[in-house]
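Q: Fold the following, please.
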Amino acid sequence: MAWDPAIYLQFGAERTRPAADLLARIPNEKPSRVVDLGCGPGNSTALLAACWPDAELIGIDSSPEMIESAQASRIDAEFLVGDFETWEPAFPPDVIYANAAFQWSPEPVALVRRLFAHLAPGGVLAFQVPQNFDQASHVVMREVAANGPWADRLAGARWYDPGGFARATDYAKALPRARRDIWTTEYLHVLRGPDPVFRWMAGTGLRPFLDRLQGAEREAFEDEIMTRFAAAYPLEPDGSTLFPFRRLFVVAARH
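A: Purely as a prediction, here's the structure:
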């Protein structure tokens, strides 16, 4: 799946805010080794580097485009192309951090359980994942993908079943021996500009669909999505668009 750092960072401030909120709750004050899994273009890694300037910091992402963008940012970290599904550390990290990444895993609870086992004693696994797969943004994507002339081409693309994504209790049960801090926050993003929800989703959740379509068919798909998004998220009198976004945060520390 192709990623475009420029599209992703159109809403960089909004995407980085939950990364900062997650970082603020990590109890390890002076970690030696920190890993940012699914680091994207490095916006979350920059927060980690500023918080722990003396730590050995590694950012890992499966997208070469994202890693290239992160490397160009001159953040004091090592950036590597890799898949968090198969990644294993050479040495036990003090912090494993992931901002809006694990939702792409087909088995995120099993992934979290495996990663937690790699931590150094006293280490922390901290991650946040979207919990809005039952909201209009994702409902529209699933409906349009399944009911248009492109349905066959999009049938195997990854989308999210609102009844099937992992919830707080699933992660809590997967980490019974950890000191757990688990909470949910709903952000209300005030977006501006033309088709803001489409532009937001084009940087993340729409990628599996857009990658499979080309030319006039892709344009028709995008037009249908934009029309449906505009109805679900109408313009406010001041020209802004209100975009609620619910996220789940988990901070789990080893004893």
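Q: use CA for all of it now, contacts and neighbours both
A: Will do.
Q: List the contacts of the residue nearest to the spatial centre of the chain.
A: Nearest to the mean C-alpha position of the chain, by CA atoms, centre = their mean, lies Ala100 at 2.1 Å. By CA atoms under 8 Å, 6 or more residues apart in numbering, the residues touching Ala100 are Gly38, Phe127, Gln128, Val129, Pro130.
Q: Among these, which one has the most neighbours?
A: Neighbour tally across these (other CA atoms under 10 Å): the maximum, 27 neighbours, falls on Gly38.
Q: Which residue comes closest to Ala157 once chain neighbours are left out?
A: Once flanking residues are discounted, Ala157 sits nearest to Pro208: 5.6 Å by CA to CA, 6 or more residues apart in numbering.
Q: Following the one helix or strand the one you found maps to in sequence, what is the next regular element?
A: Assigned by DSSP states H and E, Pro208 falls within helix 207-210. Next along the chain after helix 207-210, taking DSSP H and E as the criterion, comes helix 215-232.
Q: Name the residues of the following helix or strand past that following helix that come out as buried.
A: Where DSSP H and E defines the elements, the next helix or strand beyond helix 215-232 is strand 241-253. Going by neighbour count (16 or more other CA atoms under 10 Å), the buried part of strand 241-253 is Thr241, Leu242, Phe243, Phe245, Arg246, Arg247, Leu248, Phe249, Val250, Val251, Ala252, Ala253.
Q: Please apply the same query to stretch 199-214.
A: Arg199, Trp200, Met201, Ala202, Gly203, Gly205, Leu206, Arg207, Pro208, Phe209, Leu210, Leu213.
Q: ok, and what's touching whichever strand or helix holds Leu111?
A: Counting by DSSP H and E, the element that carries Leu111 is helix 108-117. Residues from elsewhere that reach helix 108-117, judged by CA under 8 Å, 6+ apart: Glu85, Ile96, Phe102, Ser105, Val124, Leu125, Ala166, Asp170, Tyr171, Ala174, Leu175, Arg254.
Q: Provide the strand pairings for the next helix or strand after that helix, with the direction of each partner.
A: On the C-terminal side of helix 108-117, the closest following helix or strand by DSSP H and E is strand 124-130. When pairs are called by DSSP bridges, strand 124-130 turns out to pair with strand 95-99 (parallel), strand 241-253 (antiparallel).
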